[in-house]
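Chemist: I would like the atomic coordinates for the input below:
(one chain, ligands or ions: 1)
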Amino acid sequence: MKSKETPSSLIMIFGATGDLAKRKLFPSLYHLYRKGRLGNNFAVIGTARRPWTHEELKENVKDSVLTSIGKSENIDEFVSHFYYQAHDVKNTESYIELKKLADKLDEQYSLNGNRIFYLAMAPEFFGTIAEHLKTDGLNDTKGFKRLVIEKPFGHDLESAKTLNAQIRKAFNEEEIYRIDHYLGKAMVQNIEVIRFANALFEPLWNNRYISNIQITSSEVLGVEERARYYETSGALRDMVQNHMLQMVALLAMEPPIKLSTDEIRSEKVRVFRALRPIEGDHVKEYFVRGQYGSGQIDGKDVPAYRNELNVDPASNTETFVAGKLMIDNFRWAGVPFYIRTGKRMETKSTKIVIQFKDIPMNLYYNTDHQLAPNLLVIHIQPEEGITLHLNAKKSGQHMETTPVKLNFSNTSTHGINTPEAYEKLLDDCLRGDATNFAHWDEVALSWNFVDKISEVWENKTQTEFPNYASGTMGPKASDQLLEKDGFFWWPVTDLDIDNC
Ligand code: BG6
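Modeler: Here you go, the predicted model:
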């Protein structure tokens, strides 16, 4: 559970000259600082290969805060806590120098030996760094030591196991914070509250009342400059293994007996264990892959995936996945969870639609009007909120129904932007709350699920790639996946809070 006290801590960022540090970590730390969540007893060491000075790092942090937030009160005081050390991740000497600086700052800022090691860099170095942190004594400290590790956590189950074994030599499971930034999103965290803090939903949250659940996470951007990584990953590993399955687990889990990290995580693990494995010939019945062709986004022509920088012109990598997941337990037997995610789609949106079963008999049926099903829509991003779709009486003499929508918008209700996912996750880590990070069991089970699908896809070239135009909602087969069950994807743009 989260401690309310502001902890003292030394935060070491490996990869401090990189994109993640600049776009997410520095602004998030600044927000926490402004909110008094960092206290005065903190120091940050940035490391990377480049031979920067402390001053260069400080300038970079200032720049990142200004660019991202647009203002920078007390920025000089904030950046005075930042230090830079050029570092070679494979070299013991480098770690010895780092330890000297860490020990000095520990003393100077009275940090009680508390250390957070944040690995914000290429995943191939995660294991090496963790091992050096132990052998070169950096994590031999009297305070807490925590390892924050970015995705991807491995490339498949085997490589994830190898990585896990490496980092476990230096850190206990409780000291490892595996980032899934979706778990830091305000509305993803809200799933649990909507379910477990309302008398209204939980009694209906099962196969007697829910007909299907749809989770869409669509992006407008293409692969950008990340093709080297993405070509070996694809949408299945990049989005489904982690973010999409995490949302499924939060939607499907049983109520935990209390809100402790262990209880919540073990309920999520039980969902992963109940996921029906999809393998061999069944993969094509349950999963659809897509790759974007050229098309138009906001009226501008955009290239096909195969024509992007560093992409193989005959690439078999999927940039879109749709799938039907079945959770074989008492609560969910027979209820499909449909997921879809992709790049270069029509709109940037993450939404969850819970579609309730039709009522047993429609008293208000007439030829031109059919009752719409009740929907609960959870808007994860860009809007944050929930909408409940109901039927009510149309005004006038006749007993005619009309759909109505009850909206709650998180952002407009609270009048401020909710904190960035990274800010929340850093705050959690500082306070020792690992609930919103992925436990090894979750990671292993989700790789196990995904590996069976990628194995089939990797062995069989998709001859129809590209199979969806940029700016659309994916290939036709994705629609057919639901049609054969008598459902359809609720159009995400129609469900926007603004359109309600
Ligand atoms: C990352 C993926 O984990 O999530 C990216 O690696 C993807 O490919 C991103 O673009 C999406 O995150 P968000 O928060 O923009 O939905």
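Chemist: and for the nearest residue to A274 once chain neighbours are set aside, the neighbour number?
Modeler: Among residues not flanking A274 along the chain, N329 sits closest, at 4.4 Å (Cβ to Cβ, 6 or more residues apart in numbering). Every residue, glycine included, has its C-beta placed from N, CA and C. Residues lying near N329 (other Cβ atoms under 10 Å) number 15.
Chemist: got the buried residues for stretch 259-270?
Modeler: Using 16 or more other Cβ atoms under 10 Å as the test for burial, stretch 259-270 gives 261, 264-270.
Chemist: and the pLDDT for the residue nearest to A274?
Modeler: At N329, the pLDDT value in this model is 98.
Chemist: and the residue of the stretch 101-250 of the chain closest to the ligand?
Modeler: Residue nearest to the ligand within the stretch 101-250 of the chain: D238 (4.7 Å; Cβ to the nearest ligand atom).
Chemist: hang on, that residue packs against T232?
Modeler: No: using Cβ atoms under 8 Å, D238 makes no contact with T232, being 9.9 Å away.
Chemist: so which of the two has more stuff around it?
Modeler: Using other Cβ under 10 Å, the more surrounded residue of D238 and T232 is D238, with 23 against 12.
Chemist: separation between the nearest residue to that one once chain neighbours are set aside and T317?
Modeler: Of all residues not flanking D238 in the chain, Y230 sits nearest, at 6.6 Å (Cβ to Cβ, 6+ apart). From Y230 over to T317 the distance is 7 Å, taken as Cβ to Cβ, to the nearest Å.
Chemist: just confirm Q296 is within a strand.
Modeler: Yes: assessed with DSSP: H, G, I helix; E, B strand; the rest coil, Q296 lies in a strand.
Chemist: now do the same for V443: helix, strand or coil?
Modeler: Quick answer, by three-state DSSP: V443 is helix.
Chemist: contacting residues for Y364?
Modeler: 371, 391, 399-401 (Cβ atoms under 8 Å, 6 or more residues apart in numbering).
Chemist: in the stretch 401-500 of the chain, where is pLDDT below threshold?
Modeler: 412-419, 498-500 (pLDDT under 70).
Chemist: coming back round to it: got a winner among the contacts of Y364 for most neighbours?
Modeler: T401 (20 neighbours).
Chemist: correct me, but it touches K394?
Modeler: Yes: counting by Cβ under 8 Å, T401 touches K394, with 6.5 Å between them.
Chemist: what are the ranges of the strands in the stretch 201-350 of the chain?
Modeler: 210-218, 287-290, 292-297, 300-302, 320-326, 336-342, 349-356 (DSSP state E, counting those that start in this stretch).
Chemist: returning to that earlier point: now secondary structure too, for the contacts of Y364, in TSV please.
Modeler: Formatted as TSV, the contacts of Y364 follow (three-state DSSP):
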residue	secondary structure
L371	coil
N391	strand
M399	coil
E400	coil
T401	strand
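Chemist: surely D156 touches N448?
Modeler: No: with contact defined as Cβ under 8 Å, D156 does not reach N448; the gap is 9.3 Å.
Chemist: how many neighbours does N467 have?
Modeler: N467 has 20 nearby residues by other Cβ under 10 Å.
Chemist: right, and L221 touches R344 too?
Modeler: Yes: L221 is within contact range of R344, at 7.3 Å (criterion: Cβ under 8 Å).
Chemist: of the buried residues of stretch 259-270, which is the nearest to the ligand?
Modeler: K268 (18.4 Å).
Chemist: roughly how far apart are the closest one and S94?
Modeler: Applying Cβ to Cβ to K268 and S94 gives a distance of 38 Å.
Chemist: and for A120?
Modeler: A120 is 17 Å from S94, by Cβ to Cβ.
Chemist: what residues are up against the nearest residue to N41 once chain neighbours are set aside?
Modeler: Once flanking residues are discounted, N41 sits nearest to S8: 3.4 Å by Cβ to Cβ, 6+ apart. Going by Cβ under 8 Å, 6+ apart, S8 touches 39, 41-42, 109-112, 114.
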